[in-house]
Each structure stands twice: as structure tokens, then as C-alpha cells.
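Student: Pasting the sequence and the predicted model now:
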Amino acid sequence: MKRRLAGTEGDSTFVKVAWGLIILLGGVAVFGPTLSPYDPNIGDFQKLLQGPNGDHWLGTDNLGRDTLSRLIAGTRVAALAGLEATAIAIAVGVPIGITVGFVGGTIDRLVMRVVDAVAAIPALVLAIAIIAAIGSGLGQAMLAVGLAFSASVARLARGLALAERERLYVDGARVVGLSRPNLLGRHILPNIGGPLVVIATTVFAAAIVIEAGLSFLGLGVPIPDASWGSMLTDAQRVHRNHPWQSVPPGIAIFISVLAINVVGDSLLRRRRGESFDHPAGHLEPVIVRKQGEHTEPVREPGRVLTVRSLSVSYPETTAVLDANFHVDQGEVVALVGESGSGKTSVVMAIAGLLTPPADVGAAELSLNTPAGDLSLLDVSRREQYGWRRNIGVVFQEPAASLNPLQTVGRQMTNALKRAGGLSRSEISERTIELLNAVGLPRPQEVARLRPDQISGGMAQRVVIAQALASEPSLLVADEPTTALDVTIQAETIALLKQLGEERGLAVVLVTHDLGVAAQLSDRTLVMYQGRVVETALMADLVASPQHPYTAELLESVPRNVPGVRIEPRIDHLTTLEVPTAGCLYAPRCPHAADVCRQDEPPLREVNGHLTACVRADDLELAGITRNPGVGP
Amino acid sequence: MTRTILIRVASLIPLVILASFVTFWLLQLTETDPAVVRLGDDATEEAYELYREEIGVNDPFLVQYGSWLANAATGDLGESWHGPDQVSELISERLSVTISLALGGLFVAVAIGMVAGVAAGVRAGRPADAMITAVASSGQALPNFWVGILLVAFVAIPYDVFPATLYTGPTESLWDWLLSITLPSIALGTSAAAAIARQTRAAFVRVLHEPYIRTALAVGLSRRSILYRTALRNACIPVVTSAATLFGTLLGGAIVVEAVFAYPGLGNLVLVGIQNGDLPIVLGFVFVAAVAVALVQLVLDITYTIIDPRTRVS
């Protein structure tokens, strides 16, 4: 997927400017003495405290020394300080961290205790202690800063070494018989480089500030040498009458720290690969655009959901193309297909929960509720909320779908409050009622627990109870059983079936597991690469598939073993090129003929199914005579 | 809850002891002779030796440390080498200044930082967010003592509201105390506030990508409720965790900032101590700093268990 979108382009010019500044400052640090217009330490007593002028571009200080020359000399001090502190922090921290992370056990615990203790002393305080022990001066000061920061470097290195050690390939390498130094050189050090560079920028920036602070206190460079910090000391002596004296050295510190921070941030961002393009996360779902020709929706009695020409696309892929289906009251429609077939995009689009950069369009997306008809096309945020109130959603990861900090009861209360019109006592009554309805034993007790205190199966029941809080007409469930144990899966399926029947809900179920679909659904849509390739009543689909892909799915259902993922028959799937014309399934299809590679086949009716296979009439595809055995 | 607190206290004590041990070990690397510090250059060798015996510097290292630690536990940090004063007295006279500034700085940092960070987080991806983030990124690069110098030069001196150099203790006059710590606290807190703002904003954005935010939306919670209840509390957790480290940085920064304002704090004491080679003062100073950091850590740990019930020991 495309990572770099408009937002990051602006950042990168900013980062380029920062790199430019760092190179410039580095150049000044190296060539300082030749660039300097005056001797930074010799003043002209005729020219005290001048403002900027032709001879002295940034003016002179209280001893008549040229401010620009002193700034240039200070640049070298700052650069040396940063380099020394960073080098020491890494030279001390990395070996300690890697060694203890690698050795582990008691040594690790003991050493890390000492490291924690050193880290508990503020860097500047530790620096002062070290200076007290070995005397003041730039070198000592930076030794101190380096040591102070070596604690956090050691922690980082240890964490990385531990993580690398845990990794399977290192275990593998150990079995293969690589020696420890070898392991260190080949596997651990290369992986530590990236994070180290990021932390090095932090240490460098902090060292510049602390050097300036120590020099300001008189514990850094010896008088009369120029450091940005000691320049501020001189400036402060005269600030009552010459307040501008303190501006140039401060700006020098500010600019260099800012440039280093900006570069450090960009490196960190690159390492984490985080996309900041859509910081609003799940909070601001996209609005579904109206597209295609406008026709008056047909009102069928009992119809709950109508989807016409639904398409979902991302910047570089099309997730769903032209999906059409409807769901009636009391009906369960399943969307089946392998991962990446677009089935989750379909239900999340229906639930109004797809987030940018998804682009969603449809000719019709409408819901017939007891309170009236709703459309999700070109709606306002408020209308989108109203739409969602009529849909209950069950997610794939029950544990992650609940707020970790609130009790089950509290979250139920919030959901019921939004559903509206209930008094406080009615809310607590309804909470218990709903938790009971989803089959949770002792609902009062469960209501007092937090998500980390209940099992995944219980969490999924709570999610279902929340979905029912607003008494929706439609329930959509995205892989509701995938994250659960096999026995819990069967129970959850039974629960969904029971709730659908009792409450006359229309249900859309997404699953990769034909076994699950066969148990729950009345009708099934088979999806392949964003296209609906076959639609039929579940029993017909299973008995006589009219699309080779459906046949492949049926073939791969392990009989009597529910919950096993559908494995594609061809295992070198990645090597298949996506065809530019014709049927998308053709490269994988055992029945593909020349006719399949010409135009993309539309859905048409064959033997009571809708199928997108042009050869459906000619093929005798194998089905399963009875339902694929599912359930424990 | 009490148990959780007791366990935290128990884990902080060894940390403080270890920190004092590391410092004690560091300081005995010095070549400074306490007898010369105390008696000057021209005393007799017998007098020197007598003083060394008296204060115990001839004892083995671990014995010296043991007796120092035993005294420290009772609040006795030993006698200054330079003069007859007790280190603990010297420190307690000046502690109020430095702690006032560090806590003031922490207050500024947390108050401004959290508000700005939340303001950016709830507008994530909008122009206001970009602006706050840009200002915070720059603000983070402002050295605290330079901000202090600018505040003195351009606020305290021209306008006669805040004192430029005069510290007033909270026991003398609460109002004057507040006035006297306002500018130094702002100086100390600016860059930290920027750091907290960025961190809060980042935590917010991370939380907004969590599946439970999508559930909250699906269940029908309002944008306001999702942002200010669900997201805010979850986003606070990493920020509270890092505030302890931040306090350490602020305590270090307070040493420099009080020099800008010429306040009689620990910084001034320890600088004179270093010039005089008066190591007990330096040792006592580091010890007190470590204790202060540990105490703040404790308070934050407790806050943390209130925000995040998962961390309670049951």
C-alpha cells in the first residue's frame, strides 16, 4: 500500500533543511578557525558591547570580543561535546546492554539494577558528581554526560539483544552451531544499528544543552574559552542594560538542537514505519459516495439491507468492485473467501466504519428500519451516526475490541445510554438482561470485571451484547469466531444463530471458513479478489457449485474439522500474475480456456445460482452431497 | 491498593541505596584530601592525620560507606569538610528553593503539555494539530536556562511584577513565593511541556488506531465521549510513566535555572562545594536528588495504578 501521501512530502523538505543545517554546523565546527573573522578570545576595549555593525556582524561582548567569532568557536565546542558524550554513551552502554541481554539470568538482573540506579540520578546531577570527583573541564563534563546517558543506551541495547535472542532465526542459528561472537556480529549488531542512531541523536542534542548548562555554571570550558553556555554567562552579567547580548548564543543552541531533533524524529518515523497520514485513526470513517445511475430503490417486504454497486478502493488496490446483494429480515447472508478477497471491506463499508485512505462508493446502500428508511450515501457525520445505531457489529478480535480500562458493565452502560431513552435503573436492568441473553453465567459478576479479567470467548459474548444494545435491525459479524478456541467457536456460532432467530435480525457474516458459513447462513456470497464470483442458497452452493473457485473452497474444507483455514490449492500463489483482462481466477483455474482470458465475466444466472464463470454451463463441478460436517 | 503502594515503596529503597553507593564509589576516586580542605595547606601532618582518623577516611571503603548509609538512614548526611556545618542542615536550608522550582516546572510542563497535547490529539490530522505539533517540536529545543535569561532580561527587569533575583520562601509569604517561582518554573517547564505535548499527541493518535475505538464508534458513543473518556484515559498512561524521568531532568535543570535567577538553592550550595572540594556536600546533594526522584516516581506509580487498574497487585 502507498505509504507516502501528501502529508509527508511537506515534512521531508523540513527534514532536508534540518540535514542542511547539521552539515553547515559541522562545517563551521571543522573549519571554524579559518572562518573566524577575529580571535574569539581577544577583545578590543574600544569596542565594548556593540550592536551588529559592518565590522562585527553580530556585535561585540562585554570585553569587546567579536560575537560571531565566539559563536563559531562555540560551535566546535558544542560539536565536540556532542560527539564525545554520544561516543561514550554508546561505547559504555552498548557492550553492557548486549552482554547482559545476551547472558541473561542473575547477571542481567544485577547489572540492570545498577543501571536503573544510575538512571535514577538526573543526568546533570550525575555530571556534577563526576566533575566533583575528577575536576571540571569540557572533557570531564562530557564524560559525565556520556556516562549518565549510557544507562538509557544500555537499557535499549539490552532490550534489543533480548528481542533478537528470542527470535526464531537466532534460535535456529544456535542450533546450527554459530558461535556466540558470530551470532553477535551477524544477527544482533546489524539490527541494533537503526535504533542506536535514533537514540544517538537524542544523546547528542541533550549533550549540547547540558554542555551549555555546565559551561554556564562555570563547570565546562575554562575561561576565557568560548562556549555557547559561557557566552550566556557573560551576557547575563550585562543583561540589565544590554538584554540582546543573550540572544545569539541562545539561538545557536536552539537551532542546532532543533535540527538534530527534526532529523532524529524523521529517522524514528522511518524505523517505525508509522503512517501519520491519517492520525484520526478509526475516529473519522469515510463517507460513502453516491456513484452510478440513480434509480428509485425497490421496496420489497421484509427487506432490511440493500447493497448495489458497492466499490471500495485504496490508493493502489481495488478491494471491492461492484458488489450487489440484499439481506432480509431473519436471513443470514455469509460472505466467504480467502484473506484479501474484500469481504471485510464489504461489511465495514456497510457498518460505516471504513477509514481513510479507503474510498467507498455505491449506487445504493439502504436500510429499512422500523423507524423508516435510511441511506448511507453522501450523508453527514450525524446521519452516519444514525445509520450505525441501526447496525450491531461483532469484530474479529474480541479482546482488543473492548476498552481495557473500563469494566464490562461500564461499557454496556455507555452503549445503552447512547441507545437512548432509558433511566439509570433500566440501564442496569438491561445490562444484566443482555449479558444473560448472550449466555454469560452470573452476569452481575461479569459486569464488574475488566476485559483483561475475562476469556476471549466471554469477551466476544460481551461484544455481541454491546452490539445488541441499540436493538439494531442488522447484525454484521466480521470473522466472529476466528480468534477463538474450537469449542468456543461452536458455542459462539450457536449463540449467533439463536439470537438471529429469536430477534428476527438480518445478519451478514464474514468468514473464511465455509464450515462456519454452512452452519449459519441461508445464502452465501463467494468473493475472490474483490469480486463476488458466485451467489446461491447455501444448500445449493454446497451441493452443486457453479464456479470453479467455489469448488476449490469446498474441496479444501476439511470434513469434520471445523475452524481450519482455507488453504489455496496452488501454494506458489505469489508468483501468479494478476491478469489484465478476462477472469481474475483464470490463472488458478483448472478449467481455464481461451474464452476466460478475453473479458471479465459478469454475474449471470445458471441453474438458480448467480455465477461469474463463463464456462459454468459446460463444467460439471463437484459439490458435497451433505453439508460439510461442522461442529464438535 | 495499600499492598500495591507498599510493594512500590519496597522496590524504590534499593534503588536509592544503589544510587548512593554508585556516587560514594565515584567520589572516593578523587584525590581531594579532606584534611587539607578542612585545615588548609599549612597544618601539621599529625593534625591532618588526626582529622582523617576522626572522620574515618582511613577506614576500608565498605566500612566508610556502611557508616555513611547508616547515618543517612537517620537523616544525618555527615559533616561538611569545609566548615563545622552539618550537610543535612545545609541542604534542608536550600532544598525548598530547588524542589519548588522542579515541582513548579513539572506543573507547568504537565499542565501546558497535556492541554496542548490533548488539543492536538482531538484535532488529529487537522490544521490546529499540525500547528501545535510544529510549535511543540520547536519548543522542545529551547534550553531552559536560556528561556530563564530571556525572561529575566525581557520580563522581570522591564516590568516590575516578578522578581528578577529575590527568592521568597513559601512560609514567609505564599503570594511572594508564587511570584518568585513563576518565571523560573516557566523557564524550566517550557521545553518539558513541549515534550509532553508531543508525547500526549502521539499517544492519542496511537490510541485512535486501536480496535476498541472502532467498537466505541460502532456502539454509537459520541465523538466527544470517545475522545475525552475512552481515548484520553488510555493515552495518559504512557505520559504518566515518563513524567518520573522528566522530574529528574527538571531537578537537574533547576540547578542551572536557579543560577540564572541567583536563587539560594542546592545548585549554589553544590557549586561552592565543588570549588572547595567539599565532597560530603556533593554526596548529600546527589543522595537527596535520588530520593526526590524516587518519591516523585512513587507518587506517579500510584497515579498510574489509579488510571490503569490492570497494574494493581491483587
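Tutor: Thanks, I have it.
Student: Tally up the residues packed near the closest residue to A:Pro279 other than its chain neighbours, please.
Tutor: Leaving out its chain neighbours, the residue that sits closest to A:Pro279 by CB to CB, 6 or more residues apart in numbering or on different chains is B:Ala124, at 3.7 Å. For every residue, glycine as well, the C-beta is placed using N, CA and C. A count of neighbours around B:Ala124, defined by other CB atoms under 10 Å in any protein chain shown, yields 23.
Student: mind checking which helix or strand the most centrally placed residue in chain B is in?
Tutor: Compute the mean C-alpha point of chain B, and by CA atoms, centre = their mean the closest residue is B:Leu251, 3.1 Å away. If you go by DSSP states H and E, B:Leu251 is part of helix B:232-260.
Student: after that helix, next one along is what?
Tutor: Following helix B:232-260 in sequence, per DSSP H and E, is helix B:266-276.
Student: Let me know whether the helix or strand just after that next one sits next to chain A.
Tutor: With elements assigned by DSSP H and E, the helix or strand that comes after helix B:266-276 is helix B:279-307. Yes. Interface with chain A: helix B:279-307 contributes B:Leu279, B:Val282, B:Leu283, B:Phe285, B:Val286, B:Ala289, B:Ala290, B:Val293, B:Ala294, B:Gln297, B:Ile307 (CB under 8 Å from any CB of the partner chain).
Student: Which secondary structure element is home to A:Gly392?
Tutor: Per DSSP H and E: strand A:391-394 holds A:Gly392.
Student: Could you export whichever helix or strand comes after that strand as PDB, CA atoms only?
Tutor: Remark: after strand A:391-394, the chain's next helix or strand is helix A:408-419, criterion DSSP H and E. Only the C-alpha atoms of helix A:408-419 are listed here, as PDB (Å, rounded to 0.1, in the frame of the first residue of the first chain):
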ATOM      1  CA  VAL A 408     -17.800  -4.700  31.200                       C
ATOM      2  CA  GLY A 409     -20.800  -3.200  33.000                       C
ATOM      3  CA  ARG A 410     -19.500   0.400  32.400                       C
ATOM      4  CA  GLN A 411     -19.100  -0.300  28.700                       C
ATOM      5  CA  MET A 412     -22.500  -1.800  28.500                       C
ATOM      6  CA  THR A 413     -23.900   1.300  30.300                       C
ATOM      7  CA  ASN A 414     -22.200   3.600  27.800                       C
ATOM      8  CA  ALA A 415     -23.600   1.700  24.900                       C
ATOM      9  CA  LEU A 416     -27.100   1.600  26.400                       C
ATOM     10  CA  LYS A 417     -27.000   5.300  27.200                       C
ATOM     11  CA  ARG A 418     -26.300   6.100  23.600                       C
ATOM     12  CA  ALA A 419     -29.200   3.800  22.500                       C
END
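Student: Starting from the strand holding A:Gly392, tell me which strands it pairs with and how they run.
Tutor: When pairs are called by DSSP bridges, strand A:391-394 turns out to pair with strand A:474-478 (parallel).
Student: quick check: angle from the next helix or strand after the partner strand to strand A:474-478?
Tutor: Once the chain leaves strand A:474-478, the next helix or strand it forms, by DSSP H and E, is helix A:486-503. For helix A:486-503 against strand A:474-478, the angle by axes from the mean of the first three to the mean of the last three CA atoms, to 10 degrees is 170 degrees.
Student: In helix A:486-503, which residues are buried?
Tutor: A:Ile488, A:Gln489, A:Ala490, A:Glu491, A:Thr492, A:Ile493, A:Leu495, A:Leu496, A:Leu499, A:Gly500, A:Arg503 (16 or more other CB atoms under 10 Å in any protein chain shown).
Student: before we move on, the earlier item: now the residue nearest to the centre of chain B: closest residue in space that isn't a chain neighbour?
Tutor: Using CB to CB, 6+ apart and skipping residues adjacent in sequence, the residue nearest B:Leu251 is B:Ala102, 4.5 Å away.
Student: and the end-to-end length of stretch A:471-491?
Tutor: This stretch, stretch A:471-491, spans 22 Å end to end (CA to CA, to the nearest Å).
Student: can you list the weak-confidence ranges in the stretch 51-200 of chain B?
Tutor: Along the stretch 51-200 of chain B, no part satisfies pLDDT under 70.
Student: Chain A contacts on that one?
Tutor: Residues of the stretch 51-200 of chain B found near chain A (CB under 8 Å from any CB) are B:124-125, B:129, B:137-138, B:140-143, B:145-146, B:149-150, B:152-154, B:157.
Student: In strands only, show me the residues you listed.
Tutor: Judged by DSSP state E, these include no members of strands.
Student: model confidence over stretch B:208-215, on average?
Tutor: For stretch B:208-215, mean pLDDT is 91.
Student: picking up where we left off before, present the buried residues of helix A:486-503 as CSV; the columns should include distance to chain B and pLDDT.
Tutor: Output for the buried residues of helix A:486-503, formatted as CSV (distance: CB to the nearest CB, whole Å; pLDDT from 0 to 100):
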residue, distance to chain B, pLDDT
A:Ile488, 19, 84
A:Gln489, 19, 84
A:Ala490, 24, 84
A:Glu491, 21, 86
A:Thr492, 17, 86
A:Ile493, 21, 86
A:Leu495, 18, 89
A:Leu496, 16, 88
A:Leu499, 17, 88
A:Gly500, 18, 86
A:Arg503, 17, 88
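Student: just curious, which of these is nearest to A:Val286?
Tutor: Distances from A:Val286 to those, taken as CB to CB, are shortest for A:Leu496 (27.8 Å).
Student: right, and A:Thr202 touches A:Gly264 too?
Tutor: Yes. If you go by CB atoms under 8 Å, A:Thr202 and A:Gly264 touch, sitting 6.1 Å apart.
Student: Among the residues of the stretch 51-200 of chain B next to chain A, name the ones in helices.
Tutor: Among those, the members falling in helices (DSSP state H) are B:Asp129, B:Ser137, B:Ser138, B:Phe145, B:Trp146, B:Ile149, B:Leu150.
Student: Check those residues and tell me the two furthest apart.
Tutor: Greatest spatial distance among those (CB to CB): B:Asp129 and B:Ile149, at 31.5 Å.
Student: Just want to know which of those two has more residues nearby.
Tutor: Shown here are B:Asp129 and B:Ile149; by other CB under 10 Å, B:Ile149 has more neighbours (27 against 20).
Student: sorry, back to before: now render the ones in helices among the residues of the stretch 51-200 of chain B next to chain A as JSON lines, adding distance to A:Pro587.
Tutor: Formatted as JSON lines, these follow (distance: CB to CB, whole Å):
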{"residue": "B:Asp129", "distance to A:Pro587": "45"}
{"residue": "B:Ser137", "distance to A:Pro587": "49"}
{"residue": "B:Ser138", "distance to A:Pro587": "54"}
{"residue": "B:Phe145", "distance to A:Pro587": "68"}
{"residue": "B:Trp146", "distance to A:Pro587": "66"}
{"residue": "B:Ile149", "distance to A:Pro587": "71"}
{"residue": "B:Leu150", "distance to A:Pro587": "69"}
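Student: Closest to chain A out of those?
Tutor: B:Trp146 (3.8 Å; CB to the nearest CB).
Student: Skip the chain neighbours and tell me the closest residue to that closest one.
Tutor: That would be A:Gly250: by CB to CB, 6+ apart, it lies 3.8 Å from B:Trp146.
Student: Assign a three-state SS to that neighbour, would you?
Tutor: Following DSSP: H, G, I helix; E, B strand; the rest coil, A:Gly250 is assigned to helix.
Student: If you count neighbours, what's buried in the longest helix seen in chain A?
Tutor: For chain A, the longest helix by residue count, based on DSSP H, is helix A:67-103. Residues A:67-82, A:84-86, A:88-90, A:92-94, A:96-102 are the ones in helix A:67-103 that count as buried (16+ other CB under 10 Å).
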